[in-house]
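Enquirer: The sequence and its predicted three-dimensional model are supplied below.
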Amino acid sequence: MDFLPIFFDVRSRPCLVVGGGEVAARKVDLLVRANAAITVVAPELGRSLARYRDAGRLTHHAREFRPEDIDGCTLVIAATDDGALNGEVSRRCRERAIPVNVVDAPELCSFIVPSIVDRSPVIVAVSSGGAAPVLSRLLRTRLETMLPAAYGRLATLAETFRDRVKRRFGTLAQRRRFWEEALQGPVAELVLTGRERAAKIAMEVALQQDTPGSLSVGEVYLVGAGPGDPDLLTFRALRLMQQADVVVYDRLVAPAILDFAHRGAERIYVGKASGEHSVPQEQINRLLVRLARDGKRVLRLKGGDPFIFGRGGEEADALADAGIAFQIVPGVTAASGCAAYAGIPLTHRDCAHSCVFIPGHLKDGGELNWRALAEPRQTLVVYMGLHALGSICERLIGAGLSAATPAALVQDGTLQSQRVLIGDLASLPAKAAEVTMRPPTLLIIGEVVRLHERFAWFEPAGSVQATALRTA
Ligand code: SAH
C-alpha cells in the first residue's frame, strides 16, 4: 500500500488552492462539501470559482502565488497549468510538512484525492494510488449504482438509535446481530424507499425483542422488470432482486433478467402463455400472501410495469387485504421500450398530441369505445393485440380512421430478437400473417410510425428489419 487511506477533518480549517481554472474548481467542490475555510490564489478565477467567491464560500487573492501563502495551512492543493509553479508549491509544502496535492502529478503529492461515492455521512473512497485514475473512476461509477441514494439516511437513522441499542443489548455480539438485521432487513428497506416514519416505528419494535434477530417480517416487492433488455432495469429493481428470498416471475421476464436474482433465491414460475392461464390469478395472490406470512422477502417480478396491464393492482389488493407490507417498483413499460428501440416517438408536436394505451381484448369480451380511439393526432398503443390484429384494424377504420394510417408491430421489443413490421391499417394484418409475427408483440398506430424510417437505430444481429412503409 503506497498511501494510508484516511478521512481528514478540515471543517473551518484553512485550506489553500493554487489555481483558478476548472481543475481547481473540482477540488474546491470537495473542500466546500467538507466545510473547509478555503483560500484561492490565482490571477483570475474561472466561472465556477467566481460563483463560489460571489457566494462567500472562498477568499480570493487575485495575484500570483507567494511562499507565505502556505503559512498556517491545514492542506494545500496545486492545480495550475504551470508545471514549475506546481513543483514549487509542492516543494515548499513538503519542506514544512504541510500535506500537499498536485493535480495529475502523483510524484509531487504527499496525499492524493480519491474518487468518492457520497452518501453522507457514508463516504466510499476509491483510489488506484495515482496509477490509473480512470480505473478508479470507473469503479466508483459501479459502486454508485450499487449504493442506493438514500444510503446516508440509513446511517443517520442508525446514529439516532445508537445509544439506545447499546443500553438495550449488553454484548457486542448481540448488538452486531441487531444492527445486521436492522441495516439489511425491513428497517433498511423502509428507509431506502423513503418511509422513514415507519422505519422508526420498526426500530422501536425491534428494540422490544428479547433476542436480536428474531424479527423477520415478510414483505412483497411488486417489481417491473421492463420489456426485456436487462439494461433497462431500475437500480431499485436490481437491489431488490439481490436481497429477495423468493422470486415469483412471469413468462415475459427475460432469462437474462432472472439471472440477476440472488443465487440462493427460490424461483417460482407462474407464467401465462398467451391465451392460457397456467396459474390462475387468485392462486398467485394466495401464494404471495403465504410466502410473506412465512417471513420471506418475496419479489414479484413482472414484465414491463406492474401497473400497466400487469394485474399489479389485483395483487396489491390481495396483499392489502391480508395486511402484508409491500412496495411497488415501476418498470419501463412495453410501450416506452418498444417505441424507443423501434425509433417511433409516442408523441410528437407535429403529429400526435396524445397517446392512449389499450388492451387488444377486454375481460369478458367487452368492447372498447372505438369512436373515441379513432381520433386524429393520437397515437394508439395496443398491448396483447396480435391475436385480434385484423379486427382491431377493421374496427378503427370503421370508426373513421383512414385505412392508410401507419401502423407498426414490434415483436420482442428491446431484445436481440426484436422485429419491427411496418404497414398501415389496411395492410398490416396480412403482412403480419405472411412473416408470422409471434407474441409478445406491441401494436403502435398513428402518424408517428412514419418516423421509424428516420429514427430506427437499434439493429441487433439476427433481427428482421422493417418492411418499408407503404401507405395504400
Ligand atoms: N406490464 C407489461 C404488459 C403486460 S401485458 C408492460 O408494462 O409492458 C403483455 C403484453 O405486453 C404483450 O402481449 C405485448 O403486447 C406487450 N409486451 C410486453 N413486453 C413486450 C416486448 N418486449 N415486446 C413487445 N411487446 C411486449
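Expert: Done, it's in. Remember, predicted model here, so these are calculated numbers, not experimental data.
Enquirer: does any bit of whichever strand or helix holds Val247 sit next to the ligand?
Expert: Using DSSP states H and E, Val247 falls within strand 246-249. No - Strand 246-249 is not in contact with the ligand by CB under 6 Å from any ligand atom; minimum separation 12.6 Å. For glycine as for every other residue, the C-beta is placed from the backbone atoms N, C-alpha and C.
Enquirer: for the very next helix or strand once past that strand, what is the average pLDDT?
Expert: Going down the chain from strand 246-249, the next helix or strand is helix 255-258, by DSSP H and E. When pLDDT is averaged over helix 255-258, the result is 93.
Enquirer: before we move on, back to that, please name the strands paired to the strand holding Val247 in the sheet, noting orientation.
Expert: Here strand 246-249 is paired, per DSSP bridges, with strand 266-269 (parallel), strand 297-302 (parallel).
Enquirer: who in this structure is up against the ligand?
Expert: With CB under 6 Å from any ligand atom as the criterion, the chain meets the ligand at residues 227-228, 252, 302-305, 308-310, 333-334, 338, 383-384, 410, 412-414, 439-442.
Enquirer: out of the strands paired with strand 246-249, which comes closest to Val191?
Expert: strand 297-302 (15.5 Å; CB to CB).
Enquirer: continuing past that closest one, what's the next helix or strand?
Expert: helix 312-322.
Enquirer: tilt between that following helix and strand 297-302?
Expert: In terms of direction (axes from the mean of the first three to the mean of the last three CA atoms, to 10 degrees), helix 312-322 departs from strand 297-302 by 160 degrees.
Enquirer: hmm, who's touching helix 312-322?
Expert: Helix 312-322 is contacted from outside by 220, 222, 281, 284-286, 288-289, 292-293, 300, 302, 305-307, 325-326, 328, using CB atoms under 8 Å, 6 or more residues apart in numbering.
Enquirer: Let me see the contact set for Phe111.
Expert: Shown in contact with Phe111 (CB under 8 Å, 6+ apart): Phe3, Phe8, Leu75, Pro99, Val100, Asn101.
Enquirer: Relative to Leu138, how far out is the residue of the chain found nearest the ligand?
Expert: Residue nearest to the ligand within the chain: Gly304 (1.9 Å; CB to the nearest ligand atom). Computed as CB to CB, to the nearest Å, the Gly304 to Leu138 distance reads 31 Å.
Enquirer: out of those two, which sits in the more crowded spot?
Expert: Between Gly304 and Leu138, Gly304 has the larger neighbour count (other CB atoms under 10 Å), namely 31 against 12.
Enquirer: returning to what we had before: could you give the mean pLDDT of the strand holding Val247?
Expert: For strand 246-249, mean pLDDT is 96.
Enquirer: Need the CA coordinates for it. CSV is fine.
Expert: The C-alpha trace of strand 246-249 is given here as CSV (Å, rounded to 0.1, in the frame of the first residue of the first chain):
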residue,chain,number,x,y,z
VAL,A,246,-38.1,-15.9,-3.4
VAL,A,247,-38.7,-14.7,-6.9
VAL,A,248,-42.2,-15.2,-8.4
TYR,A,249,-42.0,-14.4,-12.1
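Enquirer: So, low pLDDT: which residues of this protein?
Expert: Low-confidence segments of the chain, defined by pLDDT under 70: 212-216, 272-278, 462-472.
Enquirer: Output the longest helix belonging to it.
Expert: As assigned by DSSP state H, the longest helix anywhere in the chain is helix 151-168.
Enquirer: how far is that helix from where the chain is centred?
Expert: Mean-position distance between helix 151-168 and its chain equals 27 Å (CA atoms, centre = their mean, to the nearest Å).
Enquirer: helices and strands around that helix, which ones?
Expert: Using 3 or more CB pairs under 8 Å, 6 or more residues apart in numbering; DSSP states H and E, the elements in contact with helix 151-168 are strand 115-119, strand 122-126, helix 172-184, helix 186-192, helix 196-208.
Enquirer: Just the buried residues of the contacts of helix 312-322.
Expert: 220, 222, 284-285, 288-289, 292, 300, 302, 305-307, 325-326, 328 (16 or more other CB atoms under 10 Å).
Enquirer: Could you find the closest non-adjacent residue to Pro440?
Expert: Excluding its sequence neighbours, the residue lying closest to Pro440 (CB to CB, 6 or more residues apart in numbering) is Leu252, at 6.1 Å.
Enquirer: Near the one you found, how many other residues are there?
Expert: Based on other CB under 10 Å, the number of other residues close to Leu252 is 20.
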